[in-house]
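Student: After the sequence you'll find the predicted model.
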Amino acid sequence: MTAPDPTADPVAAEAIRETAGDADTGAARVGARRVVVIGGSVIGLACAWSIARTRTAAEVVIYEPDDSGPGGVPTSGAGWVAGGMLAPFSEAWPGEESVFALGVASLRLWPDFLEALAPHTPPGPPIRSATHTHMLAVDDADARDLDMAMSWALGNDVVVGGINDADLRRVTRRELREAEPSLARVARAAYRMDSEGAVDNRILLAALTRACRAEGVTWVREEVASLDDDVDADRVVLAAGSGSAALAGLPIRPVKGEVLRLRARPGCEDPPRGVIRAFVRGRPLYLVPRDGGLVVGATQYEHGDDRQVTVAGVRDLLADAEMIFPGIGEYELAEMIAGLRPMTPDNLPILGVDPDDPRLIHATGHGRNGIALTPITAATVGAELQGAPVPEAARAARADRFRRG
């Protein structure tokens, strides 16, 4: 087998350079003959692509039973439902230093990740659907919470390299109107993040699927019930989302989120130019521009394995969205869909070698940040396989923090 070359993947190479010279004992061995990835949504595809293109394994196989989407991508995973936001700054919250640092580290990897993926992007709109974010609050209580969270982010020293005006800055109501003239004039406080924005999750899925095929990755369309009995591999990457709990005994629970996809009709007001995040009467809301329309989310329910869209969820999303963007009423309601976010107790994913099974590498439990954390997850899995240091920000997400027994 050809020796692994980490520099063949610019995202993995950059992540490894961050920690060059540091010791890390997480990798049980370097490379593998056969690597199996359990789960074929965004995280699983990205990990498989990274492993295959760096020649870290002689054979890379994805176990994913669902091929119901275009090109064989799964529609049952959270990646198909997601808003696709790259949003560590607009989701910053006091007390979540490790979550914040991991999100920022992954955001810094996205430009190289998209550049490497560009040759595999299908014809049509680009993967990147928005290049900035505005975060706003519509009443005094929400404004106080937003100011508190953004002040915490600006003063946080866990981000390597610091934060600048492109990452996060407060804007006036006039600046918000000039940037997003279609929004209602309801903001009590507003911030802008020029380094955030969003990707189109479904174009991303298609591009990653094409990239995997180009690198010789293969698929097994079977359900995995047991990692020991059903999988023949030197190393196993677990990227099964909320299904990872049953397979590996991990503290991951499914949290339901509902999303609406709207399509513009002739004469409709143009959608916002960038991502709009808002607090509306204490409820979080996002509006994400897509080619020809808009994605609206996101409700959050602790209802277990429930993927049904509810009347109350749709009502609240549309009412809150219309308060922010009045022109939404003329759009076509094209799709209502719900997905399950794989949440952990501390809101960090579970990344790296299992403490009790050196064959197993975790890439799961990303919660609502699965797409945002895709590049750093792939880099972490690649580093573990290559015997290189994992990215510094990923160390807080190591699997041994939930060691069983």
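Tutor: Structure's in. What do you need?
Student: Next, the buried residues of stretch 129-136.
Tutor: Applying a neighbour-count criterion of 16 or more other CB atoms under 10 Å, the buried positions in stretch 129-136 are 129, 130, 132, 133, 134, 135, 136. Quick note: C-beta positions are derived from backbone N, CA and C, even for glycine.
Student: Which strands or helices does the helix or strand where the last one lies pack on?
Tutor: For residue 136, the host element (DSSP states H and E) is strand 133-137. For strand 133-137, the packing partners by 3 or more CB pairs under 8 Å, 6 or more residues apart in numbering; DSSP states H and E come out as helix 140-154, helix 173-179, strand 189-193, strand 275-280.
Student: Can you name every helix or strand that the first one contacts?
Tutor: Packed against helix 140-154 by the contact rule (3+ CB pairs under 8 Å, 6+ apart) you find strand 133-137, strand 189-193, strand 275-280.
Student: returning to that earlier point: so can I have TSV of the buried residues of stretch 129-136 showing pLDDT?
Tutor: Below are the buried residues of stretch 129-136 laid out as TSV (pLDDT from 0 to 100):
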residue	pLDDT
129	96
130	97
132	97
133	98
134	98
135	98
136	97
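Student: Return the backbone torsion pair for residue 338.
Tutor: Main-chain dihedrals, residue 338, degrees, to the nearest 10: phi -130, psi 150.
Student: quick one: it from residue 226, how far?
Tutor: 28 Å (CB to CB, to the nearest Å).
Student: and if you look at residue 238?
Tutor: For residue 238, the distance to residue 226 - CB to CB - is 12 Å.
Student: and what of residue 268?
Tutor: 51 Å.
Student: For the residue nearest to residue 132 when sequence neighbours are not counted, grab phi and psi.
Tutor: When the adjacent residues along the chain are set aside, residue 132 lies closest to residue 274, with 4.2 Å between them (CB to CB, 6 or more residues apart in numbering). For residue 274, the backbone dihedrals (degrees, to the nearest 10) come out as phi -130, psi -180.
Student: how many other residues sit next to residue 274?
Tutor: 23 (other CB atoms under 10 Å).
Student: check contacts around it.
Tutor: Going by CB atoms under 8 Å, 6 or more residues apart in numbering, residue 274 touches 130, 131, 132, 133, 134, 179, 180, 197, 289.
Student: ok, the residue lying closest to residue 348 once chain neighbours are set aside - contacts?
Tutor: Nearest residue to residue 348 in three dimensions, chain neighbours excluded: residue 397, at 4.6 Å (CB to CB, 6+ apart). Applying CB under 8 Å, 6+ apart, one finds that residue 397 lies in contact with 98, 102, 348, 349, 350, 351, 352, 380.
Student: Residue 295 falls within a helix, correct?
Tutor: No - with DSSP: H, G, I helix; E, B strand; the rest coil as the criterion, residue 295 is located in strand rather than a helix.
Student: which SS class is the closest residue to it other than its chain neighbours?
Tutor: What sits nearest to residue 295 in space, not counting adjacent residues and going by CB to CB, 6+ apart, is residue 288, at 4.3 Å. Secondary structure, three-state DSSP: residue 288 is strand.
Student: looking at it, residue 288 is touching residue 84, isn't it?
Tutor: Yes - in this structure, residue 288 is within contact of residue 84 by CB atoms under 8 Å, at 6.5 Å.
Student: So for those two, which residues contact both of them?
Tutor: Overlap of the contact sets of residue 288 and residue 84 (by CB under 8 Å, 6+ apart) consists of 129, 198, 295.
Student: what's around the second one, how many residues?
Tutor: Going back to what we said before, that points to residue 198. Using other CB under 10 Å, residue 198 has 27 neighbouring residues.
Student: so what's residue 270 up against?
Tutor: 182, 264, 327.
Student: hmm, I was thinking of residue 367
Tutor: Counted by CB under 8 Å, 6+ apart, residue 367 has contacts 255, 341, 342, 343, 344, 347, 349.
Student: So which of these wins on neighbours?
Tutor: residue 349 (29 neighbours).
Student: That residue and residue 364 touch, don't they?
Tutor: Yes - with contact defined as CB under 8 Å, residue 349 counts as touching residue 364 (6.5 Å).
Student: for the stretch 251-400 of the chain, what spans make up the strands?
Tutor: With DSSP state E, counting those that start in this stretch, the ranges of strands along the stretch 251-400 of the chain come out as 253-263, 275-280, 283-290, 293-297, 332-343, 350-353, 360-364.
Student: out of those strands, nearest to residue 247?
Tutor: Closest of those to residue 247 is strand 360-364, at 9.1 Å (criterion: CB to CB).
Student: Thanks a lot, see you next time.
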